[in-house]
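> no FASTA, just this:
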Ligand code: ATR
């Protein structure tokens with residue numbers, strides 16, 4: 001019998017997780033399929049009950065459910081508790097177990113480009129679900145100072161308190177400085193906008209964007225022009241997915257083939273969001 005996995009979020013139509021996980025199932029001849037389930041916030045508890053009723057084996061969880069889903073699960077591990085968000089559910093014989101692999105995805109993205117985080121000053125833009133896991137990753141990797149800027153300052157303060165890091169209002173962003181700049185907002189998603197100007201980018205050595213549609217966001221385009229090390233959003237997506245696959249199947253997935261598949265897929269999706277003639281990076 002085929003096992004069923006999937007992603008819940010809203011919207012999920014552009015999710016690359018089905019491409020990545022179905023390819024891995026096929027390559028390893030695992031009898032399983034992975035689907036995308038759009039679940040509105042008001043339907044989340046029903047959907048989770050459905051996971052049990054239908055015997056769905058595991059789920060990826062994305063925007064906007066990563067925090068709210070916690071209360072609907074039977075058990076979550078220490079990591080998910082500390083981060084305050086779940087991106088992975090495993091159905092253990094009818095008992096739903098939640099964990100978080102986003103933070104590992106963030107760490108591996110930095111490892112891949114051989115950027116050490118130890119002792120670094122890291123500036124994180126955004127205070128949503130993605131930001132929580134990234135902050136946790138930065139703490140785990142030994143960053144010296146972590147600063148969070150968010151449009152809604154109250155949220156930045158809450159997150160900063162939770163992790164004992166620093167919070168600044170969005171209006172102060174022009175003065176931001178440090179070693180590593182990470183965009184964990186949705187600014188730049190399907191548009192050609194950058195959350196920060198060139199002058200700000202120039203004060204950092206490494207720039208990571210968690211947005212991956214388009215793959216080269218305006219922020220990353222500016223960073224490349226400024227000769228910075230850049231990390232695109234698909235790296236974190238790939239590695240969080242690799243960890244999910246390992247948890248669900250106890251098998252090592254074909255990482256390079258998964259990588260190829262998602263990069264190929266995103267390039268076919270992004271034609272509509274590419275910079276138009278006349279768009280400037282500054
Ligand atoms: P995710 O799970 O990807 O983090 P999210 O929880 O919806 O998604 O968070 C989105 C983040 O992008 C938030 O930090 C949001 O700021 P607010 O807390 O003020 O809503 C940020 N964001 C979205 N649009 C933005 C914009 N136009 N300018 C600045 N920040 C923006």
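Cool, got the structure. The model shown is predicted, which means the values in this text are computed figures rather than measured ones.
> Could you pull out the helices in the stretch 1-150 of the chain for me?
17-27, 44-54, 78-83, 102-112, 129-140 (DSSP state H, counting those that start in this stretch).
> got CSV for these, with mean pLDDT too?
Converted to CSV, the helices of the stretch 1-150 of the chain look like this (pLDDT from 0 to 100):
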stretch, mean pLDDT
helix 17-27, 98
helix 44-54, 98
helix 78-83, 97
helix 102-112, 98
helix 129-140, 96
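> my guess is residue 193 contacts residue 187, does it?
Yes. The criterion here is CB atoms under 8 Å, and residue 193 meets it with residue 187 at 5.6 Å. Bear in mind the C-beta positions are built from the backbone N, C-alpha and C, glycine included.
> you'd agree residue 161 is in a helix?
Yes. Counting by DSSP: H, G, I helix; E, B strand; the rest coil, residue 161 falls inside a helix.
> for residue 124, which residues make a bridge with it?
residue 148, residue 182 (DSSP bridges).
> Relative to the ligand, how far out is residue 133?
Using CB to the nearest ligand atom, to the nearest Å, residue 133 is found at 9 Å from the ligand.
> wait, that residue sits on residue 83?
Yes. Using CB under 8 Å, residue 133 makes contact with residue 83 at a distance of 5.4 Å.
> okay, and the common contacts of those two?
100, 102, 103 (CB atoms under 8 Å, 6 or more residues apart in numbering).
> Spit out the contact partners of the first one.
Taking CB under 8 Å, 6+ apart as the definition of contact, the neighbours of residue 100 are 79, 80, 83, 85, 86, 87, 88, 133.
> Out of those residues, the closest to the ligand would be?
residue 85 (7.9 Å; CB to the nearest ligand atom).
> domain ranges for this structure?
For the chain, automatic domain parsing gives the domain ranges 3-100+235-272, 103-233.
> Now mean neighbour count too, for the helices of the stretch 1-150 of the chain, in JSON lines please.
Below are those laid out as JSON lines (neighbours: other CB atoms under 10 Å):
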{"stretch": "helix 17-27", "mean neighbour count": "20"}
{"stretch": "helix 44-54", "mean neighbour count": "15"}
{"stretch": "helix 78-83", "mean neighbour count": "18"}
{"stretch": "helix 102-112", "mean neighbour count": "22"}
{"stretch": "helix 129-140", "mean neighbour count": "24"}
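> Up against the ligand, what does the stretch 1-150 of the chain have?
Contact residues (CB under 6 Å from any ligand atom) of the stretch 1-150 of the chain with the ligand: 63, 64, 66, 126, 127, 128, 129, 130, 131, 150.
> do that again at 8 Å, thanks
Residues of the stretch 1-150 of the chain lying close to the ligand by CB under 8 Å from any ligand atom are 62-64, 66-67, 85, 125-132, 150.
> Counting neighbours, which of these end up buried?
62, 64, 66, 85, 125-132, 150 (16 or more other CB atoms under 10 Å).
> so can I have JSON lines of those showing distance to residue 95?
Formatted as JSON lines, these follow (distance: CB to CB, whole Å):
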{"residue": "62", "distance to residue 95": "22"}
{"residue": "64", "distance to residue 95": "25"}
{"residue": "66", "distance to residue 95": "20"}
{"residue": "85", "distance to residue 95": "20"}
{"residue": "125", "distance to residue 95": "37"}
{"residue": "126", "distance to residue 95": "33"}
{"residue": "127", "distance to residue 95": "31"}
{"residue": "128", "distance to residue 95": "28"}
{"residue": "129", "distance to residue 95": "24"}
{"residue": "130", "distance to residue 95": "27"}
{"residue": "131", "distance to residue 95": "29"}
{"residue": "132", "distance to residue 95": "25"}
{"residue": "150", "distance to residue 95": "35"}
